[in-house]
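Enquirer: here is a sequence together with a model predicted from it:
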There are 4 protein chains.
Amino acid sequence: LEGRNLGQISLLHIVHVFFFTQNVQYMFGVVGIPVIEIAMAAQAVGIKYIGMRNEQAIEACRLYSKFSARPNSLEAIPAIIEKAVRTSIYGRPGACYVDIPGDMVTSKVQESLLRTVPCCLPPPVAMADPQVVSQAALIIKNARRPLVLIGKGAAYSHAEYSIGKLVNLYGLPFLPTPMGKGVVPDNHPNCVSAARSRALLYADVILLLGARLNWMLHFGMTPRFHPDVQIIQVDLCAEELGNNVKPAAALLGDVNAVVEQLLDCLRANPWSYPSSSEWWVYLREKIKSNQEVSKALAAQKTLPMNYYTVFHNIQALLPEDCIIVSEGANTMDIGRTMLQNYLPRHRLDAGTFGTMGVGLGFAIAAAMIAKDHLPQQRVICVEGDSAFGFSGMEVETICRYNLTIIVIVVNNNGIYSGLDEDTWKEISKLGETSIVAPPISLLPNAHYEQVMGAFGGKGYFVQTPEELQKALSTCLADQEVPSLINVMIDPSSDRKTQDFVWLTRSNL
Amino acid sequence: LEGRNLGQISLLHIVHVFFFTQNVQYMFGVVGIPVIEIAMAAQAVGIKYIGMRNEQAIEACRLYSKFSARPNSLEAIPAIIEKAVRTSIYGRPGACYVDIPGDMVTSKVQESLLRTVPCCLPPPVAMADPQVVSQAALIIKNARRPLVLIGKGAAYSHAEYSIGKLVNLYGLPFLPTPMGKGVVPDNHPNCVSAARSRALLYADVILLLGARLNWMLHFGMTPRFHPDVQIIQVDLCAEELGNNVKPAAALLGDVNAVVEQLLDCLRANPWSYPSSSEWWVYLREKIKSNQEVSKALAAQKTLPMNYYTVFHNIQALLPEDCIIVSEGANTMDIGRTMLQNYLPRHRLDAGTFGTMGVGLGFAIAAAMIAKDHLPQQRVICVEGDSAFGFSGMEVETICRYNLTIIVIVVNNNGIYSGLDEDTWKEISKLGETSIVAPPISLLPNAHYEQVMGAFGGKGYFVQTPEELQKALSTCLADQEVPSLINVMIDPSSDRKTQDFVWLTRSNL
Amino acid sequence: LEGRNLGQISLLHIVHVFFFTQNVQYMFGVVGIPVIEIAMAAQAVGIKYIGMRNEQAIEACRLYSKFSARPNSLEAIPAIIEKAVRTSIYGRPGACYVDIPGDMVTSKVQESLLRTVPCCLPPPVAMADPQVVSQAALIIKNARRPLVLIGKGAAYSHAEYSIGKLVNLYGLPFLPTPMGKGVVPDNHPNCVSAARSRALLYADVILLLGARLNWMLHFGMTPRFHPDVQIIQVDLCAEELGNNVKPAAALLGDVNAVVEQLLDCLRANPWSYPSSSEWWVYLREKIKSNQEVSKALAAQKTLPMNYYTVFHNIQALLPEDCIIVSEGANTMDIGRTMLQNYLPRHRLDAGTFGTMGVGLGFAIAAAMIAKDHLPQQRVICVEGDSAFGFSGMEVETICRYNLTIIVIVVNNNGIYSGLDEDTWKEISKLGETSIVAPPISLLPNAHYEQVMGAFGGKGYFVQTPEELQKALSTCLADQEVPSLINVMIDPSSDRKTQDFVWLTRSNL
Amino acid sequence: LEGRNLGQISLLHIVHVFFFTQNVQYMFGVVGIPVIEIAMAAQAVGIKYIGMRNEQAIEACRLYSKFSARPNSLEAIPAIIEKAVRTSIYGRPGACYVDIPGDMVTSKVQESLLRTVPCCLPPPVAMADPQVVSQAALIIKNARRPLVLIGKGAAYSHAEYSIGKLVNLYGLPFLPTPMGKGVVPDNHPNCVSAARSRALLYADVILLLGARLNWMLHFGMTPRFHPDVQIIQVDLCAEELGNNVKPAAALLGDVNAVVEQLLDCLRANPWSYPSSSEWWVYLREKIKSNQEVSKALAAQKTLPMNYYTVFHNIQALLPEDCIIVSEGANTMDIGRTMLQNYLPRHRLDAGTFGTMGVGLGFAIAAAMIAKDHLPQQRVICVEGDSAFGFSGMEVETICRYNLTIIVIVVNNNGIYSGLDEDTWKEISKLGETSIVAPPISLLPNAHYEQVMGAFGGKGYFVQTPEELQKALSTCLADQEVPSLINVMIDPSSDRKTQDFVWLTRSNL
């Protein structure tokens, strides 16, 4: 590097150094000055650079970051990057934001001022207070209607082995949150997802493993939870304990470590929850009736298809080890119940804030990593048509890096629900669309698959179960090219569940 | 409205009231709760609602707003909306942000608490101190190498008549900024855009009309401006006066009003700047040589086309009254010099912050208004391929509202510049794209026109001048359907100008 | 300077340069690193440095500043300082905040990179649209119950001569806001301060000169203003026009310049408002009765004194050219009506936000400037006892710089109102003070004058009108030493006016 | 409460409820609307209200808070208060900020909407991974030059018993941070505070118990720490682990619990660190020589006194169980080494951010609690004269609540250092103080004790060791009245230590 003359070295050298020392293997960005120079320096040392098509306002990132900093000298960069990397993975994981001023690209620093900052240790693990563990074990044993609620914190802490043992040994019913799916396989006999509402409402003891009692779990409150429910809360974040509901026992620590502690405790005094209990009978009855309803819906032959038919057919074909990314309203919600996960950390959802537009980015990141580690593994990105509109141009990125993602757009011509083509034409005669069309309608029969085709991927427009099966089979068989299946459904299709109007997200 | 029972009225009623009283005719939004309810209420009273496909993070808006507020009661809404509307158009125009909490949609207020807030007066007009006007007139008269620099402030203040008179009566050379184009027609003989650099560098007196000396004008400093230049600054914002350069005269007031004052002053003592002056000779010589270079570039027959050939052919066909929206790097910059504006406020650019992704939104807004007021008027949206990626899905919005916008994507396979298809294939053999492809490359020959086709619009893929002429003629003749022309250009095409590397935007 | 060796110069040199070029003569600070070094550099070039005893959190300043910046290089400092100085005096005046990172004190910069930035021009002056001026003149002429409302904007624009002429020539009643006092002398026969409520409530036309219709003016609304009042608003800030009330005429421009325009307009068509009008009769009647009430209150012989007695005695002794600084609740409010200003810009109030703790700082700044320009001029700082508590330690600063400020603490043993010593003792017997004492009580008979004594100033504890007269006379005669008069008043003393409970400041 | 009529209840009722349910016993505030109403409601239910004299800008609090919220309805208050209380004590303790809009005081809510929110559980305790505990134990056993560094986290977790055992059983040298003082008594033979620099610099293994490696610990880096030091970091905050230095072992968990784990581990394999080791010899030698220097300084008979003499005399008289609050520069630093703590959580320092002005507030809070729980316990507040200036008016608060705090102002006539009276007079003759006095000088011989006298407390001005002893003895003997001892020291007195110029706080 020329910069080394005169004992000075440039930002690019620092970039090399810190990427090496911090083990960064992938870099995502939106091209612009000074990203180009940094991206090229990164590629030169073997870091993969993925250039995206859209970005959010830069200043805004700071608001949503766990840590943000702007180095005010070149020599401050290594320590700040280390802190950002470490903070993002220690404690509750979260994005960190480092803003490197553009004019640093051309500035230099004396080599002697640079300090090598080694990459951090793996995240530290904490365990719960043994006394509280004992209390918790006792509460579980005394439960008449127990429920294990598995959140994404369980997945992050790699607790699949310990939680699997807990469920298996003690016969407990469990329910995963969207990102907790797969920690125990969805097809496990103890999974009560199909009786979710009943399970939540009547459980008298809930073992909450790395899940937050936020709006997605109805804040743990009536009318969705039993007013006298005892919650055993396990979380690695002290400040999360007691949020919205006062727990019967608060276990601070790594989910996996704490479940192991619970297992030790339960082992001491052999016991298991009877599979013949009234609670199990009550739950199984509901599971059965719900599954029948779903099955009936899935089996409907009327066209356009409804959500259940679509997801039923998708589920039938997906490989067990695929990664499912999902965003949208009904698409994400119904997809959660219909698409099964068999492995942990194989599902990525829009998440807590319901932010739209992240799905394709998640899919691209997952596919990059899969490509390097499990080249046969497929990434399936299931999007509502409205959600797809937020970042649909990223299919060009998918094609550019030749990622064999399968994007499935579940298209109901609208947000929440739309209009069919005939109705649209009828009402368009009544006046300008901006006045007469419902605000939740999008253009009927939009051919999103052609957006994929525009960049060399394969697109499929499907309207029947048979077309869907055929298209998805073809995509799965093809290991070479990205594809998008645009699945037309009945615009008035909806989920079969109760109303959530009382829910607001103001209390997150 | 049911809400009126019991002397209470709901948010929706308030919405009705304030939209009526504040003269809001269009409403743009991204659908979600509670936008739906508000949008429907708005449509019910005749407001046009345009639902977009993407949004930026909500909290972030506050950072970039001239005024932001969150009403903490229903009865506070009318006054806050009035303030937002007024603040957005008084003084320097700017976006305002009102955040209406979701739970207000279902809340009610006693009618007696509501206060009707009338819509504000038109923006007030201020004039400059007559003494400083006299000084300024004297400086202009004594100028050896005068230049009038017309900014968007001149367009906002509707100063076309007065500035036209100033240029015509006194024979002064003028130069518009991007958004100042058309205040005086670009084809006016006194327009020196084709000698921009020379005009800026050698002018000894600059009359700056509603333009900011920011990075787009090189901060008014050497090496792009003469170190001894005297600047007569006219602006309606006191705090803008003196920014980056100390003016020889600072005229605080409405641009149009101040130019009228200058005209009065100059009229008192008849004078005009000689068209035979050395300065005019020097400028005309440069205009001629630059135009010859452009003409030669535009006439090149080699394929793929260069920027100049493309814009030359577009310019030849555009109607004089069309609205040109533009974003991108070279596309916007070269487009500014090659595409002529003949009317004020007919050009919309990405603007001061160079934010990408705003072009289609601008075009949609312009087309909605044109549709209501001048149905024959066309909106032409000229986008770089990279810029198009930020919000390309909005073509669905264009199709949904049947806006006959013509989107022209000037496609160089990349950001700043890309690779041709053969080179792309060659380097792809060397390794993974994420390692081997330059970060500024996009997928070669992306068929952006198919994105328009996906939603029922017409798409054209053009590679030669003839194809371009034919496609654009067809689009212009078609008053029914939106269209997109994807114009392939030489990925290594560039503008012919000097380097701007020394420019940073840090001093905005 | 050593720094100049090797073509490099230090921050201190830059400090010298920019203070010289920006005409900074005084510097206020709180000592700490790196303020010391900068303060010493400043003193070395003749800038006066005043070290204060307290500061607010630094990061917080940015929130309340008109402009804030943090230079990221030494060479950026001169331009940023120029911008801060200019922004603070152009348009509506406001504080600006420049945060110079501590480590810059020891860093260096190449001299060739430094750019001299000259000090800005005096603030530019704008005038109103002549047509709107004519309208406004007509409205004034047609007014049946006109009122001129003089705000601090009038004082800032040095409009005393023009407004004086307006009031004198046309016989108009006027009312100053606190900081507008003295633009026309308070003892002018047309001043209707003593009938403030009546004047505001019944005026049919109000000429609002540089005052904001904020909470201090009851937002210009009923029940304090007539519902049909026509407001002619004159302001240099476009965004202020129309705030809270839609004006009958909005005159954008410098207050002095616009009043001159009005005078020109009125002169064209001689007219004057009859001093025998019903309106004048009605106002004079109220002035008379109010003055009698005040006089009666002021004449009360009972002890402890009430507010009116105190201010009456102070007013009797104050020199006409003194500067009055004031803060507190009743102290500031009643003091406004009782203490007369004869000259513009001779009164400093806590202001729009009612921030407590600024009074002594204002007084110190005023006294520093007076010392240099009018050594005989006195600064009188009238403080409520609660307000004094916010920054009372600054009396040490007063003594340190030997500023002959007279601080008058109007002491009612509390906030809004307190308890007398006997009552305090009684209730203290009932339990712990923190439980039994009203939260608005302070310690009775606190000897604030001893705080001044602690630092070598003179302190007076006064309980009777005679003691007050004697103490104040002594202080005024003494040109050598700072003094503090602690005036005990009846803790239950209150102003005689109506209730303001309905007022909140939320609508500022 | 009247509000209960009609099934509605007011804010005041909510206040009652949440204070009761959240166990709030003390409330600090600055009087103003709506604090008065809330304070009175609080007092009515037995909460003690302490009204302070100064406040910082309200909006600013949010910047420095761990959690901040503004309820947007009355019914949201209980849950938000619970969250604020819980967040402030769970995880790393920190201030939380709830902003209750003023207009809520008069608003009402339907009783049926109110939800009772119980007070949270005591903070949850986490333990470290046993494997890492074993590693850590091994590192300690293998240490040649071990050091236990006790931070405030150790005090917060009530780890005095376990850490005492660790030090006693294994013979380890220890060093407390300012707020960690007293966890093990300062006069314990293993305390190496008197050899602080040597201990930090040469230790090869440091057991860091709840202390942060921030600027106060020189970021754990050379030249103050050994480059090869192995740090065993114990902290309850995951994100803190690895900050600035990569630890040899990172133990995530409650300090007390983790030390107990370490004790279990060490017990398994009996061992102790030899008191005859070279390291102990080396440390003791330094302790001895440093103590001799201190002793010599303390014994100096010259007047004015130096810091050591002052603190030596104070230390000799203070009761062992007193609470020491301290702020200032040298005063706090030297006081830390000279004033002994024998009990944990008996010392309050300005802390990490070095914020001045907090001392008296800390002292008032401590004294309120002491009064209720240990009425004989004394609070001693040792302030530099500059620090005292930030909030000196709070002595009125001390007197108002009759708190028998002893404030000791260590007065060197300045910040860092000042001038003696003669020098001050000399240089005052040279010109205006604001030009000629060093910016770090305050008024010489300021009689801060008179500030206490002004409010009925006792003040002492002391210049000799004998006067100091006599004054402090008198104060300690007096259980009735607050007092302030103003101790004059040599303005040029300084600590005996090395330079810290290289330290900046930018890396906190």
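Expert: Perfect, I can see it now.

Enquirer: any idea how far residue A:244 is from the residue of the stretch 151-300 of chain A found nearest chain B?
Expert: Closest contact between the stretch 151-300 of chain A and chain B, by C-beta to the nearest C-beta, is at residue A:215 (11.8 Å). (Glycine included, C-beta is placed from N, CA and C.) Applying C-beta to C-beta, to the nearest Å, the value for residue A:215 to residue A:244 is 10 Å.

Enquirer: tell me which residues touch the closest residue to residue A:98 other than its chain neighbours, please.
Expert: The shortest distance from residue A:98 to any non-neighbouring residue, by C-beta to C-beta, 6 or more residues apart in numbering or on different chains, is to residue A:84 (5.1 Å). Shown in contact with residue A:84 (C-beta atoms under 8 Å, 6 or more residues apart in numbering or on different chains): A:67, A:69, A:96-98.

Enquirer: apply 10 Å and report the result again.
Expert: By C-beta atoms under 10 Å, 6 or more residues apart in numbering or on different chains, residue A:84 lies in contact with A:22, A:65-69, A:95-98.

Enquirer: what's the answer for residue A:86, then?
Expert: A:22, A:67, A:96, A:119-121, A:123, D:238-239, D:241-243, D:246.

Enquirer: what's the answer for residue A:478, then?
Expert: A:404, A:406, A:458.

Enquirer: which one of those residues has the most neighbours?
Expert: residue A:406 (26 neighbours; other C-beta atoms under 10 Å in any protein chain shown).

Enquirer: pairing partners for that one in the sheet, please.
Expert: Counting by DSSP bridges, residue A:406 is bridged to residue A:380, residue A:483.

Enquirer: what sits against residue A:185?
Expert: Applying C-beta under 10 Å, 6+ apart, the residues near residue A:185 are A:160, A:164, A:176, A:191, A:320, A:340-344.

Enquirer: okay, and which of these map to strands?
Expert: residue A:176 (DSSP state E).

Enquirer: buried subset of the contacts of residue A:185, written for PyMOL?
Expert: Selection of buried members from the contacts of residue A:185 for PyMOL, criterion 16 or more other C-beta atoms under 10 Å in any protein chain shown:
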select buried, chain A and resi 160+164+176+191+340+341+342+343+344
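
Enquirer: which of the contacts of residue A:478 sits closest to residue D:144?
Expert: Residue D:144 lies nearest to residue A:404 out of the contacts of residue A:478, by C-beta to C-beta, at 57.6 Å.

Enquirer: just so I have it, where are all the helices in the stretch 401-508 of chain A?
Expert: A:421-428, A:433-436, A:448-453, A:465-477 (DSSP state H, counting those that start in this stretch).

Enquirer: now for the first one, which elements pack on it?
Expert: Right, helix A:421-428. helix A:433-436 (3 or more C-beta pairs under 10 Å, 6 or more residues apart in numbering or on different chains; DSSP states H and E).

Enquirer: and the helix it packs on, what's buried?
Expert: Buried residues in helix A:433-436 (16+ other C-beta under 10 Å): A:433-434.

Enquirer: stretch A:359-375 now?
Expert: A:359-371.

Enquirer: for stretch A:480-494, list the C-alpha coordinates in CSV.
Expert: These are the backbone C-alpha positions of stretch A:480-494, laid out as CSV (Å, rounded to 0.1, in the frame of the first residue of the first chain):
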residue,chain,number,x,y,z
GLU,A,480,-29.1,-22.8,-10.8
VAL,A,481,-31.5,-19.9,-11.1
PRO,A,482,-33.5,-17.7,-8.7
SER,A,483,-37.3,-18.0,-9.1
LEU,A,484,-40.5,-16.2,-8.1
ILE,A,485,-43.9,-17.8,-7.9
ASN,A,486,-46.8,-15.3,-8.0
VAL,A,487,-49.7,-17.2,-6.4
MET,A,488,-53.1,-15.6,-7.0
ILE,A,489,-55.5,-16.1,-4.1
ASP,A,490,-59.0,-15.0,-3.4
PRO,A,491,-58.8,-11.3,-2.5
SER,A,492,-61.4,-11.7,0.2
SER,A,493,-59.6,-14.7,1.7
ASP,A,494,-58.8,-14.3,5.4
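
Enquirer: fine by me, we can end here.
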